[in-house]
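S.K.: Here is my input; please provide its structure:
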Amino acid sequence: MSQNLINLTLTDAQLDAVDQALTDLETQLVALVAMNATQRRKLARMGDKSEAFCRQTLSVLAQNPQVVPPSIKVAEAQADLVALDRLRPRLQRLQRLAERGADSETALGSDIMRCALDGYALLKVAGRNQGLEGLRKELGTRFAKGRAAEEKPEMA
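M.R.: Residues are numbered from 1 along each chain as shown. Predicted coordinates:
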């Protein structure tokens, strides 16, 4: 039973255009930061529920500068909020594209794996009389379990 979840052919020109677009994105978004897991864990998070609180608090602080000490950088937080509002739709588009790319990668791999498994099953049946038994056994090491799989690397 053949499977074909995706048909994808990318020309050299298309790949060159994608690479150029990615280079352009990387150039335009050079100010984005990268953090390690420890840095991320230590951050205060503004989740969906907190966003309204943050927006309202910044608005109230901006309207009442007399109560805000200089150590609280309201203007910088407001600029961050503007940047977030401008960046977020682009990140959502990138995320959708990345998800489609990951799904396509999975579909391509599944199509390949399904064909290889069907072909292997065919070799097990029809390959015996065609001088393909050695190749079939070599391919079968992928499915070897336990002791047979452990012995193979030691013999090499």
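S.K.: Nearest spatial neighbour of Gln3, chain-adjacent residues omitted?
M.R.: Using CB to CB, 6 or more residues apart in numbering and skipping the chain neighbours, the partner closest in space to Gln3 is Arg114 (4.1 Å). C-betas here are computed from N, CA, C, even on glycine.
S.K.: quick one, helices of this structure?
M.R.: Along the chain, counting by DSSP state H, helices occupy 12-28, 37-42, 48-63, 74-126, 133-140, 146-155.
S.K.: need those in JSON lines with distance to Ile6, can you?
M.R.: Output for these, formatted as JSON lines (distance: least, CB to CB, whole Å):
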{"stretch": "helix 12-28", "distance to Ile6": "15"}
{"stretch": "helix 37-42", "distance to Ile6": "33"}
{"stretch": "helix 48-63", "distance to Ile6": "33"}
{"stretch": "helix 74-126", "distance to Ile6": "4"}
{"stretch": "helix 133-140", "distance to Ile6": "25"}
{"stretch": "helix 146-155", "distance to Ile6": "32"}
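S.K.: where among those helices is the average confidence lowest?
M.R.: Lowest mean pLDDT within those: helix 146-155, a mean of 54.
S.K.: just to revisit the earlier point, for burial, what's the neighbour tally of the residue nearest to Gln3?
M.R.: Residues lying near Arg114 (other CB atoms under 10 Å) number 15.
S.K.: i'd like the first residue to be 632 from this point on
M.R.: With the count now opening at 632, the last piece we talked about shows up as Arg745.
S.K.: State the distance from it to Asn638.
M.R.: 14 Å (CB to CB, to the nearest Å).
S.K.: try Ala683
M.R.: 45 Å.
S.K.: Next up, phi/psi of Ala662, please.
M.R.: Backbone torsions of Ala662, given as degrees, to the nearest 10, read phi -80, psi -10.
S.K.: Model confidence at it, what's the number?
M.R.: Ala662 carries a pLDDT value of 97.
S.K.: neighbours of it, just the number please.
M.R.: The number of residues packed near Ala662 is 6, by other CB under 10 Å.
S.K.: can you check Leu722 too?
M.R.: Neighbourhood size, Leu722 [other CB under 10 Å]: 13.
S.K.: Also Gln694?
M.R.: For Gln694, the count of nearby residues is 8 (other CB under 10 Å).
S.K.: picking that back up, relative to Ser633, which of the helices of the chain is closest?
M.R.: Among these, the nearest to Ser633 by CB to CB is helix 705-757 (7.2 Å).
S.K.: starting at the chain centroid, how far to that closest one?
M.R.: Mean C-alpha position of helix 705-757 versus that of the full chain (CA atoms, centre = their mean, to the nearest Å) differs by 5 Å.
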